[in-house]
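S.K.: I need the structure of the sequence given here:
(chains A and B)
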Amino acid sequence: EAAVTQSPRNKVAVTGGKVTLSCNQTNNHNNMYWYRQDTGHGLRLIHYSYGAGSTEKGDIPDGYKASRPSQENFSLILELATPSQTSVYFCASGDAGTGGATLYFGSGTRLTVL
Amino acid sequence: GEKVEQHQSTLSVREGDSAVINCTYTDTASSYFPWYKQEAGKSLHFVIDIRSNVDRKQSQRLTVLLDKKAKRFSLHITATQPEDSAIYFCAATPAGFASALTFGSGTKVIVLP
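M.R.: Numbering: from 1, shown residues only, chains lettered A, B, ... in the order given. Here you go, the predicted structure:
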């Protein structure tokens, strides 16, 4: 069964601090994604990756960095966290391909920046 | 880039009735339109999709309709049950974009007894 694991599940950070959200997938999917979910906005794409060593900017990349050191792992990094980054973050993985493919989501990380 | 709009934030239906959720998109190059479901306090999971080479797809009680001219697609749930209560997200992506989906804002479906 497709599995995407996110850690931590909950995180409280201080403004200006560094936050790293981690994601691991055992699906052997090439593509991985980071979305944030906010009421009224649905899910918005922050960064994505086509494979180890690659990261691409999504629709709202400002204030975020991403790292894909291996096929299985994809991290989202907030170098200087701000209260506006308080949100629920979802990682997802999916097969490569041009026709569209099902995404498998992790359980989410609830981040609060004070 | 692509913009996907869901015009209903909440939809209440009586158990056993049908529910219809509508979405519009802007990019004529979009060709893949999936729907995801998020139950309370949980993550999202895939429910059904449609590709631009067809205008209708059915899976059990779920049917997706696609109108490419109007750039509109919809999810129809028949004979609604309590377990259909959830937030439903539509999404779209152009061909060649390797499934980096653009999501709508979500529609909360409440199935009333």
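S.K.: Who is the residue in chain B positioned nearest to chain A paired with across the strands?
M.R.: Going by C-beta to the nearest C-beta, chain A is nearest to residue B:32 of chain B, at 2.7 Å. From N, CA and C alone the C-beta is placed, and that goes for glycine too. Applying DSSP bridges to residue B:32 yields these beta-bridge partners: residue B:51, residue B:93.
S.K.: and it, how far is that from residue B:46?
M.R.: For residue B:32, the distance to residue B:46 (C-beta to C-beta, to the nearest Å) stands at 12 Å.
S.K.: more neighbours, those two?
M.R.: Per other C-beta atoms under 10 Å in any protein chain shown, whichever of residue B:32 and residue B:46 has more neighbours is residue B:32, with 21 against 17.
S.K.: Which strand or helix spans residue 34?
M.R.: No chain was given, so I picked chain A. Using DSSP states H and E, residue A:34 sits in strand A:31-38.
S.K.: nope, chain B please
M.R.: For residue B:34, the element it lies in under DSSP H and E is strand B:30-38.
S.K.: and that strand with strand A:31-38, angle?
M.R.: Here strand B:30-38 runs at an angle of 60 degrees relative to strand A:31-38 (axes from the mean of the first three to the mean of the last three C-alpha atoms, to 10 degrees).
S.K.: just checking, what packs against the strand or helix carrying residue A:43?
M.R.: Element membership of residue A:43 [criterion: DSSP H and E] is strand A:42-49. Helices and strands touching strand A:42-49, by 3 or more C-beta pairs under 8 Å, 6 or more residues apart in numbering or on different chains; DSSP states H and E, are strand A:31-38, strand A:56-57, strand A:65-67, strand A:73-78, strand B:102-103.
S.K.: Could you list the buried residues of that strand?
M.R.: A:42, A:43, A:44, A:45, A:46, A:47, A:48, A:49 (16 or more other C-beta atoms under 10 Å in any protein chain shown).
S.K.: Ok, stretch A:76-96 next?
M.R.: A:76, A:78, A:81, A:85-95.
S.K.: Please apply the same query to stretch B:11-25.
M.R.: Here stretch B:11-25 shows B:11, B:13, B:19, B:21, B:22, B:23, B:24, B:25 as buried, counting by 16+ other C-beta under 10 Å.
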